[in-house]
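In: Kindly generate the corresponding structure for this input.
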Amino acid sequence: MKVAIIMGSDSDWPKVKPAFDCLTEFGIEAEVVVASAHRTPDKVKAFAEGAKSRGIAVIIAAAGAAAHLGGVVASFTTLPVVAVPIEVSLGGLDSLLSMVQMPSGIPVATMAINGAKNAALFAAQILAVSQSDVAAKLTAHRQTMAKQVEQKNEKIQNLLGGN
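Out: Alright, predicted model coming up:
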């Protein structure tokens, strides 16, 4: 199963790339496409309607400003859609608010502003329900994070003289 990443503009790529990198690290194939809910709606519709037949299991939709991409994608598929608000103006708050104010009926999960890596981790968690190899990689990832925190704590404690 693959994860698709759709972004409204190629200028979003620097903030979306952490999702692609995270998926790659987990061995999850990712399809990436640029399509705008406003400028290329037919492309968005074709992308979303054909996603399942291409082996896509989860879609990450990243967009800034009038960030309707996630909702539009979700309206054309029953696959889980994870929205990532991209900071373009207003500190990204405009993007976030347009995503979290979705009307009932077509749900879209929403991450933090510029939270592409968390979107990838959430997509991996969805895949992990049926893929034990992905679940094992998530567990290992969390153990690595815990070790890193402990190592940093030890460094601080050493700097403080062991207090």
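In: Tell me which other helices or strands the helix or strand bottoming out on mean pLDDT in the chain touches.
Out: Lowest by mean pLDDT, DSSP states H and E among the helices and strands of the chain is helix 93-100, with a mean of 90. Helices and strands touching helix 93-100, by 3 or more C-beta pairs under 8 Å, 6 or more residues apart in numbering; DSSP states H and E, are strand 56-64, strand 81-86, strand 109-110. Using the backbone N, CA and C atoms, a C-beta is placed for each residue, glycine as well.
In: contacting residues for the residue nearest the centre of the chain?
Out: Centrality entry for the chain: nearest residue to the mean C-alpha point is Ala119, 2.5 Å, by C-alpha atoms, centre = their mean. Taking C-beta atoms under 8 Å, 6 or more residues apart in numbering, we find Ala119 in contact with Ala19, Ile60, Ala62, Val82, Ala83, Val84, Met111.
In: ranking those by neighbours, who comes first?
Out: Val84 (35 neighbours; other C-beta atoms under 10 Å).
In: what does the model give the spatially closest residue to it that is not a sequence neighbour for pLDDT?
Out: Using C-beta to C-beta, 6 or more residues apart in numbering and skipping the chain neighbours, the partner closest in space to Val84 is Ala62 (4.1 Å). What the model reports as pLDDT for Ala62 is 96.
In: Can you tell me how far Ala62 is from Trp13?
Out: 9 Å (C-beta to C-beta, to the nearest Å).
In: Common neighbours of those two, please.
Out: With C-beta under 8 Å, 6+ apart, Ala62 and Trp13 have common neighbours Met7.
In: so which pair among the contacts of Ala119 is furthest apart in space?
Out: Ala19 and Ala83 (11.8 Å; C-beta to C-beta).
In: Now the common contact residues for the two.
Out: With C-beta under 8 Å, 6+ apart, Ala19 and Ala83 have common neighbours Ile60, Ala62, Ala119.
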